[in-house]
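Provide a 3D model corresponding to the input given below.
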Amino acid sequence: MNNIHIPPIVKNLLIINVLFFAATYVMQSKGIDLSTYLGAFYFDSSYFEIWQPITYMFMHGGFTHILFNMFALFMFGGILETRWGTKRFINFYLITGLGAVALQMGVQAYEVYQITGSVVHNPVHVDLAAQMASVGVPGISEADKNTLIGIYGFPMVGASGAIFGLLVAFGMLYPNTELYIMFIPIPVKAKYIVPVYILIELSLGVARVPGDSVAHYAHLGGALLGFILVKLWKDKNTFYDYYE
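Sure thing, here's the model as predicted:
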């Protein structure tokens, strides 16, 4: 363990995420839900705040959620930070995280428009403390009503969008690296794993499986921004010289 080197940005991100996770449970014991303030609500929700597109990246919904995200950050982030340096790595991480929430909100806006005819109709009043909701759109189906309540009343949390950006970057820069995947007894090259994973996320996002609370389009948004940034930095290195 003494020989394990964790680059500074990855180390600090790990610490910050764990601190946010611990604070979430401490505040819950006092009757305060931090995700209401720090998770990313739909931009037309009465619970949306300007800082949420940043703070949501450090919030997680449970132990398994943060465990897998932090493991991936440690495994892939350390390699990429060592290659890129601290400034480029933190820019990549934050940009992919912002891209994730942007695409997720874009999809939510489309869904709201399909139901109400406007992306800022704000037809939903959700009282999170009382766990009650009302929808002011007459004549809609129960399924559409639940969709609106989910969009306006539940925040997105987690570093998964940025993690997907890291995963795509790793697959592009180290395509022949062999990885072991759960339930697959043989190593598989990164250039095969990453596209399959992206296709799975896309299919789950399109399918809209009932009860699925995962923000699949946020994952895809992080992956898309990760792909674009690596292409820009790899093929046109002068872009990043200017960007810095």
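
what residue ranges in this protein are flagged as low confidence?
Flagging of the chain using pLDDT under 70 yields the residue ranges 1-4, 121-123, 126-133, 136, 182-184, 205-213, 235-244.

Looking at it, which helix is longest?
Determined from DSSP state H, the single longest helix within the chain is helix 86-116.

what's the distance between that one and the middle of its chain?
Computed by Cα atoms, centre = their mean, to the nearest Å, the separation of helix 86-116 from the middle of its chain amounts to 8 Å.

secondary structure class for S134?
strand (DSSP: H, G, I helix; E, B strand; the rest coil).

er, I32 I mean
I32 ends up coil, using three-state DSSP.

before we move on, the earlier item: now for the longest helix of the chain, which elements pack on it?
The helices and strands touching helix 86-116, judged by 3 or more Cβ pairs under 8 Å, 6 or more residues apart in numbering; DSSP states H and E, are helix 8-28, helix 52-55, helix 78-84, helix 142-153, helix 160-173, helix 216-235. The C-beta positions use only the backbone N, C-alpha and C, and glycine is treated the same way.

could I get those helices as JSON lines with mean neighbour count?
Putting the helices and strands packed on helix 86-116 into JSON lines (neighbours: other Cβ atoms under 10 Å) gives the following:
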{"stretch": "helix 8-28", "mean neighbour count": "16"}
{"stretch": "helix 52-55", "mean neighbour count": "18"}
{"stretch": "helix 78-84", "mean neighbour count": "19"}
{"stretch": "helix 142-153", "mean neighbour count": "17"}
{"stretch": "helix 160-173", "mean neighbour count": "26"}
{"stretch": "helix 216-235", "mean neighbour count": "21"}
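
so how far is the helix or strand harbouring T64 off the chain centroid?
Taking DSSP states H and E as the definition, T64 sits inside helix 63-72. Put simply, helix 63-72 sits 12 Å off its chain's centre (Cα atoms, centre = their mean).

Spit out the contact partners of the one residue sitting closest to the centre of the chain.
Nearest residue to the geometric centre of the chain (Cα atoms, centre = their mean): G161, 2.9 Å. Neighbour list for G161: M57, T96, G97, G99, A100, V101, Q104, A215, A218, H219, G221, G222 [criterion: Cβ atoms under 8 Å, 6 or more residues apart in numbering].

now F41
Y47, F48, E49, Q52, Y152, F154, P155, M156.

again, only using 7 Å
Contacts for F41 (Cβ atoms under 7 Å, 6 or more residues apart in numbering) come out as Y47, F48, Q52, P155.

you'd agree the third one is up against Y37?
No: if you go by Cβ atoms under 7 Å, Q52 and Y37 don't touch, sitting 8.1 Å apart.

picking up where we left off before, can I get the helices and strands packed on helix 86-116 in CSV with distance to G117?
Shown next, in CSV, are the helices and strands packed on helix 86-116 (distance: least, Cβ to Cβ, whole Å):
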stretch, distance to G117
helix 8-28, 37
helix 52-55, 26
helix 78-84, 43
helix 142-153, 12
helix 160-173, 29
helix 216-235, 22
